[in-house]
Every structure is written in C-alpha cells, then in structure tokens.
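Trainee: kindly generate the corresponding structure for this input.
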Amino acid sequence: MHVSFTSLAIVAAVAFVAPLALGLVPAVRLPAVVLEIVLGIVVGPAVLGWVHVDAPVEVMSLLGLAFLLLLAGLEVEFDMLRGRLLRITSLGFAVSFGVALLAGLLLDAADVTGAPLLIAIMLSATSLGVVIPVLKDSGEASTQFGQIVIAAASIADIATIVLLSLFFSGESSGVGAKLVLLGGFVLLVVAIGLAVARVEHSMRISAALVRLQDTTAQIRVRGAFVLLAAFVVLAEQFGLEAILGAFIAGAVLKLVDTDQAMTHPQFHRKLEAAGFGVFVPFFFVVSGVRFNLDALFASGSTVARVPIFLAALLAARGLPALLYQRTIGTQRSAAAALLQATSLGFFVVAGQIGMDLGLISEATGAALIAAGLLSVLLFPVGALALLRRERREANEALPQPMPAD
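Mentor: Residues are numbered from 1 along each chain as shown. Okay, the predicted model is just below:
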C-alpha cells in the first residue's frame, strides 16, 4: 500500500510559514491560529487544491486536537477556582448558558439553524488558549481582572467540554446512562490521579524520573503522552467524546504534578514545545483545509449568519461580565466581556461533531467557524484598546507634579 506524504509536507510548511510571517510583521497583531486556518483554506480543495486530508494528515490532525485539549487542561488555574471568585464566575457561566440557550432557541425558531442545545453549548465557550497569551503579553494575567477572566474561561472550558461529551457523543445511549458513565469515568480518573501522585512521591521512582527527564528518554513527556492516550481511550470506552479524555489528562497533570520542589520546571514548556511546535498547528491548518468555502458563500443567507452568530456569541459570553462591574469597574468589565467572547477552537471541534452527527449543515458549520475567526480577530484587539484607555485615564487622574520655580 502506497502512502503519500506530499499533503503532510505542505501542511507542515504552512504551519511553519504562518507564525514566521506574523513575526516578520509585528505591527500586525493577529493570532497565528487565524492565519493557519486561512492558509489551510488557501492550500485546500476550496482554492488551490494542493492538500487533501489523507491518512497521514488525518492522524496528525487528530493528535493535534488531542494535544490542544491536553494543553488547555494544563492552562486551567484550579487555585483560582475558590471562594468569591468561583461563585461569581460560576454564576457568570450559568447566566451565559441561559443566554446562549435562549439564542439557540431563537435561531432555531427563525430557521437560521437547528440543534439549539448544540448551538447553546458552542456559544458558551471561550478559547482559553487564546485568552491567556493576550493577558500575559499585556501584563494583566496576575491582576484581579486577569484572574477573573482566566477563572471564567476555565469554567467555560470545563463545562462546555463536559456538556458536549454528555449530550453529543456519537454513542446512542441516553443522557441518564451517559451521566452514570460520566460518573464512572470521573471516579476512574480520580483513582488514576491518586495513583500517579503516589508514584511521583515514591523516592526511588522520583529519583529515576529526575535522572531521566532531561536525557533522550524525556521520561515525563512520554508519561504525559501515555496519560493522554489512556484517557482518550477510556473516554471512548465509556461512550464519551475523546476530547473530554484529552482535556482531563491535562487537568490531572496540572493537579498532581505541582512540582513544589522545582525538580522539573521545564516540563510544561516541553509539552508546549511538542504540542504547539508539532501537533496543534496541524489541527488548525487541516481545519482550514476542511473548511467548506463554497458552502459559506453559496448563498447570501449563509453569509448573513456569520454576524448573527458573532453577535450571539458576544451576547452569551459578554453579558455575564456585568457581574464583574462592582469588582473591576465598567471599562475592565467591557474588556472582560470581549475576551470571554473570544472562541475558535471549540467552534471547530463542536462544529465538526455537529456535522458528523447530521445536526447542522456544512453551511452552518462554515458560518460558525467564520464567526469564531472574527471573534479572535476583533475581540482581543478591542479588549486591549479598552485596557489601554483605562490605564491612560487612570494616569491622567493622578495628581500632576508642581512645576519647579
């Protein structure tokens, strides 16, 4: 059997060129994932036809999705999810899902799209992997504002993945059975997490891990990959979505591998290097290759859905930020609303699941992904502009030094 690696090589080249092009023009503040998807559309069947999703490309794309969810699980700041911060952000997500469900029902009643519950879950998501770099680069990650946004995005990440797996897994069992299976899966995850924690605290095993972690064995990275593969398989065996297993693998690593003794401070960076350097770009470029440009522009009504979905996303994720107004002020609440409404990766994943299950059309899926692209393009830029204006106004309000005689 002959296997061609031509498409794989072109996708790899696109994944290399996209961030390099943005790095050469630093004035263009565009997330690399957006350019990766756009270039994927260009080299795919919709435009040039250079790339087709064959077996090697499909495998790399699936691994990219798994690593994306693993790294998203690693980004969840569990230390922040407590006390008043947990209460306010949990309430915010409840409001968000309520608004999203109402939007889904209205869109269904207006024949804009079907599957109101799936649309509601999609509109309740935030791209944690996009939001955190924006906060870090602006120096806001450790502020009260940054902690609220990260906590809110973390809850949205966890809740939407669980809801998607619970209601829209490819398995045909009912929701009650899925809840039982989800409970069993969670118990098994807890047991595995405790076992991993005990193994790490074994002096002999810990010494071996330290000895092997920076050699060609890269033992901790291999262990993380084993955990990722195991949880993906377990999720599928329990009739749940594989993405839940990948996300939980990252969350378990975050919880059990705190490294308080700083014996392996580079571990997470190594995982990010493997994920973002090799696998994750394949997922986004291939998402562009699969993007049905013809379906999006087949009719004016399909194109018109893009701003409708974008407005629905902003309403669902932005309105709950009003709850933060007393804590962080009006302008920062508006910035939080824009950051919370930044969502792309989950749109791609959930949209593909919806199309595979026949719940939404390819045109609707393309319009949703286009709305996600616009959210990543517009909302972080708007949030940063609001933060800069707020800082400028705060500086202007400070007492000015008296001129010297």
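Trainee: which elements pack onto the worst-scoring helix or strand of the chain on mean pLDDT?
Mentor: Scoring the helices and strands of the chain by mean pLDDT, DSSP states H and E places helix 175-201 at the bottom, with a mean of 71. Packed against helix 175-201 by the contact rule (3 or more C-beta pairs under 8 Å, 6 or more residues apart in numbering; DSSP states H and E) you find helix 144-167, helix 203-212, helix 219-237, helix 242-256. C-beta: built from backbone N, CA, C; applies to glycine.
Trainee: show me where the protein dips below the pLDDT cut-off.
Mentor: Applying pLDDT under 70 to the chain flags residues 1, 77, 80-81, 169-178, 181, 199-200, 259-262, 396-405.
Trainee: export the helices and strands packed on helix 175-201 as a markdown table, with columns for distance to Arg389 and mean neighbour count.
Mentor: Formatted as a markdown table, these follow (distance: least, C-beta to C-beta, whole Å; neighbours: other C-beta atoms under 10 Å):
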| stretch | distance to Arg389 | mean neighbour count |
| --- | --- | --- |
| helix 144-167 | 14 | 23 |
| helix 203-212 | 48 | 12 |
| helix 219-237 | 41 | 19 |
| helix 242-256 | 34 | 24 |
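Trainee: these: which one's closest to Ala315?
Mentor: With C-beta to C-beta, the closest approach to Ala315 among the helices and strands packed on helix 175-201 belongs to helix 144-167: 14.6 Å.
Trainee: alpha carbons only: can I get that closest one in PDB?
Mentor: Provided in PDB are the C-alpha atoms of helix 144-167 (Å, rounded to 0.1, in the frame of the first residue of the first chain):
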ATOM      1  CA  GLN A 144      -7.600  40.900  39.700                       C
ATOM      2  CA  PHE A 145      -9.000  41.500  36.200                       C
ATOM      3  CA  GLY A 146      -6.800  38.800  34.700                       C
ATOM      4  CA  GLN A 147      -7.700  36.300  37.400                       C
ATOM      5  CA  ILE A 148     -11.400  36.800  36.900                       C
ATOM      6  CA  VAL A 149     -11.100  36.300  33.100                       C
ATOM      7  CA  ILE A 150      -9.000  33.200  33.500                       C
ATOM      8  CA  ALA A 151     -11.300  31.700  36.100                       C
ATOM      9  CA  ALA A 152     -14.400  32.400  33.900                       C
ATOM     10  CA  ALA A 153     -12.700  31.000  30.800                       C
ATOM     11  CA  SER A 154     -11.500  27.900  32.800                       C
ATOM     12  CA  ILE A 155     -15.100  27.200  34.000                       C
ATOM     13  CA  ALA A 156     -16.400  27.700  30.400                       C
ATOM     14  CA  ASP A 157     -13.700  25.300  29.100                       C
ATOM     15  CA  ILE A 158     -14.500  22.500  31.500                       C
ATOM     16  CA  ALA A 159     -18.300  22.900  31.400                       C
ATOM     17  CA  THR A 160     -18.700  23.100  27.600                       C
ATOM     18  CA  ILE A 161     -16.500  20.100  27.000                       C
ATOM     19  CA  VAL A 162     -18.400  18.000  29.600                       C
ATOM     20  CA  LEU A 163     -21.800  19.200  28.100                       C
ATOM     21  CA  LEU A 164     -20.700  18.400  24.600                       C
ATOM     22  CA  SER A 165     -19.500  14.900  25.600                       C
ATOM     23  CA  LEU A 166     -22.700  14.300  27.600                       C
ATOM     24  CA  PHE A 167     -25.200  15.300  25.000                       C
END
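Trainee: would you mind getting the angle between it and helix 219-237?
Mentor: 40 degrees (axes from the mean of the first three to the mean of the last three C-alpha atoms, to 10 degrees).
Trainee: show me how far helix 144-167 is from its chain's centre.
Mentor: Relative to its chain's centre, helix 144-167 lies at 10 Å (C-alpha atoms, centre = their mean, to the nearest Å).
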